[in-house]
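quick check, what structure comes out for this input:
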Amino acid sequence: MDARSLVSQILDIELEMFKSVPARYPVSCQDDEEGFRIMRAAQFAVWSEDTLRSYLQDLEAARQADRNLMTLKYARMEDLVAPLQNNVEITELIEEIVLIQLQWQREMEARYPALMARGRPMTDDGNGTGETSFERYLRAELETYSPVTLTNLFRDIVARQVKGENMTEEIYEHMVKALGYSSLVEADENARRQTTQ
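Numbers count the residues shown, from 1 in each chain. Coordinates of the predicted model:
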């Protein structure tokens, strides 16, 4: 199975899980299937086939066991359930991934400030908006991955780091192009114009 087929199957299962997440309040994004697919497909576009294959297996195993990984992610974001990973090596791996991705996110903020201002706050520190921070969202999602998926993802991340690449920038590049922009620069300029109007 190639990467495109893997992503397609992942999105189908994720969307099915996402739509059945019990929300305390009505969440409009649960009805925005196209938006969900664009955002998530951009993330998976930069993963290796090994990582995609492993994550698809995580989703299939969870579905088989009647576990909704999206519900668990959102429950962890709100501290409604205990941590999903208790193995020290795995939690350290998660923290390494979070640190690298925070650094990439900061580089994105410096390069594309108007575009990134539309996203989540970076961390919970000084975040008085009530919004879930990028850091909290990421950590909660990583906790839903199996050790194999986390290990493969870390390998993908380190490979980018060694080359001096920013995986977050690649994800955003895929996302803005799917939304109709030619580049991140154009998307950032558009966001800046809308902010000043």
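
any low-confidence regions in the protein?
Where the chain drops to pLDDT under 70, the residues are 23-29, 126-129.

next secondary structure after the longest helix seen in the chain?
In the chain, with assignment by DSSP state H, the single longest helix is helix 88-111. The helix or strand immediately downstream of helix 88-111 is helix 113-116, counting by DSSP states H and E.

other SSEs contacting the helix or strand just after that following helix?
Next along the chain after helix 113-116, taking DSSP H and E as the criterion, comes helix 134-143. Applying 3 or more C-beta pairs under 8 Å, 6 or more residues apart in numbering; DSSP states H and E, one finds that helix 134-143 contacts helix 69-77, helix 88-111. Bear in mind the C-beta positions are built from the backbone N, C-alpha and C, glycine included.

name the helices or strands packed onto the first one?
This points to helix 69-77. Judged by 3+ C-beta pairs under 8 Å, 6+ apart, the packing partners of helix 69-77 are helix 3-19, helix 49-64, helix 134-143.

out of these, nearest to Met122?
helix 134-143 (5.4 Å; C-beta to C-beta).

got the CA positions of that closest one in PDB?
Output of helix 134-143 as PDB, limited to C-alpha atoms (Å, rounded to 0.1, in the frame of the first residue of the first chain):
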ATOM      1  CA  PHE A 134      -0.100  23.800  20.700                       C
ATOM      2  CA  GLU A 135       2.100  22.100  23.300                       C
ATOM      3  CA  ARG A 136      -0.900  20.600  25.200                       C
ATOM      4  CA  TYR A 137      -2.600  19.500  22.000                       C
ATOM      5  CA  LEU A 138       0.600  17.900  20.700                       C
ATOM      6  CA  ARG A 139       1.400  16.100  23.900                       C
ATOM      7  CA  ALA A 140      -2.100  14.700  24.200                       C
ATOM      8  CA  GLU A 141      -2.100  13.500  20.600                       C
ATOM      9  CA  LEU A 142       1.300  11.800  20.900                       C
ATOM     10  CA  GLU A 143       0.100   9.900  24.000                       C
END
